[in-house]
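Colleague: Structural data only, the sequence is not supplied:
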């Protein structure tokens, strides 16, 4: 007879698995199976939680990301409008009176043309020196604009890369 260290019940030695040294384990076979079942349940829960977290970030295809953004815009029209207004005001505030608006518009038109001709790159108009940088803030003028692929712009974020 042997006592299981988990359920504290006295059981026959045959109710215990044998260790690699040939001795009976400290936990009975029934408790070992239960522990393994619980472990797999915990692993499944952790995998579902991880999937849920990663799914909310939506690290899928560009098309699924667009759908996610579209859903967000539909659910939060006030926030989106506020963000767009804030961006527009920052741009205006960072645009000097001497800025060449025709040259700036030409850059945006070129980016739109590139998006039509080469949609696989998802072209963005980026500020070389960000309008709201941590250490430096640039101006919204044509010499501070560049057309780059969207992936590069998203990687750059709001940083001044020299």
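Modeller: Okay, I see it. Because the structure is predicted, anything quoted here is derived from the model rather than measured.
Colleague: Report all helices and strands that the biggest helix by length in the chain contacts.
Modeller: Using DSSP state H, we find that the single longest helix of the chain is helix 29-57. The contact analysis (3 or more CB pairs under 8 Å, 6 or more residues apart in numbering; DSSP states H and E) places helix 29-57 against strand 16-18. For the C-beta atoms, the positions are set from N, CA and C on the backbone; glycine is no exception.
Colleague: helices and strands around the strand it packs on, which ones?
Modeller: strand 24-28, helix 29-57.
Colleague: Any buried residues in it, and which?
Modeller: Using 16 or more other CB atoms under 10 Å as the test for burial, strand 16-18 gives residue 16.
Colleague: Would you state the strands of this structure in chain order?
Modeller: 2-3, 10-11, 16-18, 24-28, 123-127, 145-149 (DSSP state E).
Colleague: and residue 34, how many residues sit next to it?
Modeller: 14 (other CB atoms under 10 Å).
Colleague: Now residue 76: phi and psi?
Modeller: phi -130, psi 60 (degrees, to the nearest 10).
Colleague: State the distance from it to residue 87.
Modeller: 16 Å (CB to CB, to the nearest Å).
Colleague: mind giving me the domain ranges of this structure?
Modeller: For the chain, automatic domain parsing gives the domain ranges 2-57, 58-93, 98-162.
Colleague: As CSV, those with mean pLDDT would be great.
Modeller: Shown next, in CSV, are these (pLDDT from 0 to 100):
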stretch, mean pLDDT
domain 2-57, 82
domain 58-93, 78
domain 98-162, 85
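Colleague: Comparing those domains, which comes out most buried?
Modeller: Between the domains of the chain, domain 98-162 has the highest mean count of neighbours, a mean of 14, where neighbours are mean count of other CB atoms under 10 Å.
Colleague: got the angle for the longest helix of the chain vs strand 24-28?
Modeller: 60 degrees (axes from the mean of the first three to the mean of the last three CA atoms, to 10 degrees).
Colleague: what distance separates helix 29-57 from the centre of its chain?
Modeller: 23 Å (CA atoms, centre = their mean, to the nearest Å).
Colleague: got it, and stretch 66-82?
Modeller: The answer for stretch 66-82 is 17 Å, by CA atoms, centre = their mean.
Colleague: Tell me who's in contact with residue 78.
Modeller: By CB atoms under 8 Å, 6 or more residues apart in numbering, the contact set of residue 78 is empty.
Colleague: Residue 32 too?
Modeller: Residue 32 neighbours (CB under 8 Å, 6+ apart): 17, 25.
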